[in-house]
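J.: For reference, the sequence and a predicted model appear below.
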Amino acid sequence: MDWYASLSIIAVGALVAASAGMVGCFLVLRRLALLGDAISHAVLPGIALAFLLTGSRGTLIMVLGAGALGILTTFLVQSLQRAGVQEDAGIGVSFTALFAIGVVLVSLFAGKVDLDLDCVLYGEIAYTPWDTLVVGGINLGPESVWIMGGIFLLVVAVIGAFYKELKICAFDPAMAAAVGINVALVHYLLMGLVSVTTVGAFESVGAILVVAMMIVPAATAYLLTERLGTMLVLAAAQGVVSAVLGYFVARHFDSSIAAAMTTVSGALFTLAFLFAPRTGVVARALAHRGLRQESARGLRV
Amino acid sequence: MDLSWLSVADANTRWVLTGASLLGLSSGVLGSFALLRRRSLMGDALAHAALPGVCIAFLLTGTKNLGLFLVGAAVAGLLGTMAISAITRYSKIKEDSALGLVLTVFFGIGIMLLTVIQRMPGGNQSGLDKFLFGQAAALVGSDVQLMTAIAAGLCLAVFLLFKEFKLLAFDPGFGAGLGLPMGILDLLLNLLILLAVVIGLQSVGVVLMAAMLITPAVAARYWTDRLATMTVLAGLFGAASGALGTLLSQLGPRMPTGPLIVLAATMVFLVSLFFAPRRGLVARLVRFLRLKRQVARETALRAVYELAEGAGDPGAAIGLEELRRRRGITGGGALEALARAGALSPAAPGAWRLTAAGLAEAHRLVREQRLWEVFLMHEGELGGAAVDRDGALVPAALRADLERLLRLHGLEPALSPRSATHTARGEGA
């Protein structure tokens, strides 16, 4: 039974990390990392309200609630900006307020719904194997694997369908507008993907750590390549490796699995930051030294 | 419900309230500078980064001591700041991603350590989890004394270096030109912000501490354009939010204080956003409506004048139907307002004529309008590049030329007021 539990936890973690990693690539490229952070916090009241209203983890309602809140956050930030609040402060004011409302809701009704502050913070991925999906009396395995698998496919499908649009908007929004792409629509599409991924990942890794899975693998991949397609694959791969290694690290230290995944992911980023070919700190220091020696030789001759 | 906490005479309540107000005060003051330096979200990263520091301090000493926790938090926050600048400096990663990276990875390490501690024997009593969402009630006298000392130090530092920080916030280049060490000042400001974050950890918690740096400062920005006033106001708003949120949290048994303090600050922000004089949304709406009404009245008065001008009779009765058909003016609101102001008098049901005062005012308005039109016609020759277009003011230096051109075009308003212009001016519209 142990291998079954391990496998389902690793599968959910890997699916979360791969979906979030791919969505995160666009956030990192469009310099929206902090808006992603804000949205993943701000969906909490939506999730909490959906829990309260339905009394269950009806996933569709959760997705709707969180999606609405995600769009609301994007809208609030833009309205505050129009009302004369600078962007970083607008993000800060709106997501902290919404997250605070979410935490208050969760604490007020903690007894009534199966939801607590620990879950908000770092999820309950350890319980994954025992929440199974049963259809027509047949046990189909852990429900989270199915949900996250669905979200992963959705992310892949949306990125595949709108690859060109997302790519142009990521690198040159002005040109995207000039060639007739609805830049605002693509923006909201991306924010919608962020919200959906957050909801799916919420139960497994929590509202706060999901953003780690969005930023860290994407930033690692960004250091290693200059091609968007490669970056997407690398980010997903970094996420999957973090999920697998993180699981065993957590087992070893008896700690939160989601937090261990984040930590491993951070370590992988550090490795890339230091040792990436050509762009890493070490490679650049070596190149710099080589250049200096060469010019010194040149001077002697 | 137990209401004994309301008694301020209770020593514990006094400590808790003092602590919460102090954290609001210092984070509001420092937040003003963070806001102007566009560094609001740096506070978020620093607060999250503090968590592993607190956990390591506990792991090393095995005791729960706020002073040690604060040292741990400060060291971790400092490491976080250094990591952010190293990442932006030595790689192509932009500042927002670097902030997000440091925030989430440090927080992940912190949560990992926290869960390890909680599963250790006796670790559950460490109270470390209270640092996540804050628990002001856990503050004791010695904690508050420490916080008072830090808060006083922060306020004193801001007071003494106010001029330098002001330069840093508005024009660092100019400050460098004056020979001030802007790099060191910037580092110092970061350090002070870090200390303000550290003070708030116990009451607000690491997750929402950023709001205490941002929200009171943004709220204060609505009430004033002066940095000194803004700093003081932000401090007051922060202190009030801290106290209010703590009081609210006493209403429920399981409520963490952090979110309530943040919501109290958000209320202050919303009130400022809507009701601040001049910059508030209500004040702006009122100003907009007033301007719209004034423009509508002036347009209507000019229309009546020009129709009377067409009839060649300053006393001609102008009907609403004619105004609508020929000048596109619908609705009698502006006309009735003009009648109340004494610029028009009713000639027949649904028809108006100019009074003496109205004629003078209308003459002036029409003349200004036509001078402007003439100016636009001859802008190229007259060199009007420097004119404020939205203000629609005829440039004073060109007035004589324009008046000559006005006569040349035969656009001089035909109905000149019979009474002296200066007695009527300003009475109309």
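T.: Yep, it's here.
J.: Now chain B against chain A: closest residue?
T.: Relative to chain A, the nearest point of chain B is B:G108 (2.7 Å; Cβ to the nearest Cβ). C-beta: built from backbone N, CA, C; applies to glycine.
J.: quick one, helices of chain A?
T.: For chain A, applying DSSP state H gives helices covering A:2-29, A:33-42, A:44-54, A:59-82, A:87-108, A:117-122, A:143-161, A:163-171, A:173-178, A:183-224, A:228-253, A:257-275, A:281-300.
J.: So which of these is the most surrounded?
T.: Mean neighbour count (mean count of other Cβ atoms under 10 Å in any protein chain shown) peaks for helix A:33-42 among the helices of chain A, with a mean of 29.
J.: For that one, list the C-alpha coordinates in CSV.
T.: C-alpha atoms of helix A:33-42 as CSV (Å, rounded to 0.1, in the frame of the first residue of the first chain):
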residue,chain,number,x,y,z
ALA,A,33,5.2,37.3,-11.3
LEU,A,34,3.8,39.4,-8.5
LEU,A,35,0.3,39.6,-10.0
GLY,A,36,0.4,35.8,-10.1
ASP,A,37,1.4,35.8,-6.4
ALA,A,38,-1.5,38.2,-5.7
ILE,A,39,-4.1,36.2,-7.5
SER,A,40,-3.0,32.9,-5.9
HIS,A,41,-3.6,34.7,-2.5
ALA,A,42,-6.8,36.4,-3.5
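J.: helices or strands next to that helix in the packing?
T.: With contacts defined as 3 or more Cβ pairs under 8 Å, 6 or more residues apart in numbering or on different chains; DSSP states H and E, the packing partners of helix A:33-42 are helix A:2-29, helix A:59-82, helix A:87-108, helix A:183-224, helix B:95-118.
J.: Any residue of the third one touching chain B?
T.: Yes. Part of helix A:87-108 sits near chain B under the criterion Cβ under 8 Å from any Cβ of the partner chain, namely A:88-89, A:91-93, A:96-97, A:99-101, A:103-104, A:107-108.
J.: Same question for the fourth one.
T.: Yes. Remark: helix A:183-224 sits within contact range of chain B at A:208-209, A:211-212, A:215-216, A:218-219, A:222-223, by Cβ under 8 Å from any Cβ.
J.: chain center to that helix: distance?
T.: Relative to its parent chain, helix A:183-224 has a centroid offset of 3 Å by Cα atoms, centre = their mean, to the nearest Å.
J.: What of stretch B:244-256?
T.: 28 Å.
J.: Just the endpoints, please. Distance across it?
T.: One end of stretch B:244-256 sits 13 Å from the other (Cα to Cα, to the nearest Å).
J.: Counting neighbours, what do you get for the residue of chain B closest to chain A?
T.: Neighbours of B:G108 under the rule other Cβ atoms under 10 Å in any protein chain shown: 31.
J.: cool, B:E379 as well?
T.: Count around B:E379 with other Cβ under 10 Å applied: 13.
J.: So for residue 170, what's the nearest residue that isn't a sequence neighbour?
T.: Answering for chain A, as no chain was given. What sits nearest to A:A170 in space, not counting adjacent residues and going by Cβ to Cβ, 6 or more residues apart in numbering or on different chains, is A:L29, at 4.2 Å.
J.: nope, chain B please
T.: Of all residues not flanking B:F170 in the chain, B:L36 sits nearest, at 7.1 Å (Cβ to Cβ, 6+ apart).
J.: residues from the stretch 151-300 of chain B in reach of chain A?
T.: So the stretch 151-300 of chain B meets chain A at B:207-208, B:210-211, B:213-215, B:217-218, B:252, B:254-256, B:258-260, B:262-263, B:266, B:269, B:273, B:279, B:281 (Cβ under 8 Å from any Cβ).
J.: where does A:K112 land on pLDDT?
T.: Residue-level confidence at A:K112 comes out at 62, pLDDT.
J.: Next: B:S419.
T.: For B:S419, pLDDT reads 46.
J.: B:S32 now?
T.: B:S32 is given a pLDDT of 93.
J.: that older thread, next, give me the two most distant ones among the residues of helix A:183-224 next to chain B.
T.: Largest separation among the residues of helix A:183-224 next to chain B by Cβ to Cβ: A:I208 and A:L223, giving 23.8 Å.
J.: isn't there a strand covering B:R353?
T.: Yes. Counting by DSSP: H, G, I helix; E, B strand; the rest coil, B:R353 is found in a strand.
J.: What is the burial count for it?
T.: Neighbourhood size, B:R353 [other Cβ under 10 Å]: 19.
J.: Nearest residue to B:R327 in space, please, no chain neighbours.
T.: Excluding the flanking residues, the one nearest B:R327 by Cβ to Cβ, 6+ apart is B:A303, at 4.1 Å.
J.: In contact with the one you found, which residues are there?
T.: B:323, B:327, B:329 (Cβ atoms under 8 Å, 6 or more residues apart in numbering or on different chains).
J.: To which secondary structure element is it assigned?
T.: Following DSSP states H and E, one finds B:A303 within helix B:281-311.
J.: Quick one: mean pLDDT for stretch A:179-194?
T.: Here the average pLDDT along stretch A:179-194 is 88.
J.: what sits up against it?
T.: For stretch A:179-194, the external contacting residues (Cβ under 8 Å, 6+ apart) are A:23, A:26-27, A:30, A:32, A:35-36, A:39-40, A:67, A:70-71, A:74, A:155, A:158, A:162, A:165-166, A:168-169, A:173, A:176-177, A:214.
J.: again, 6 Å this time
T.: A:23, A:26, A:36, A:39, A:70, A:74, A:165, A:169, A:173, A:176-177 (Cβ atoms under 6 Å, 6 or more residues apart in numbering or on different chains).
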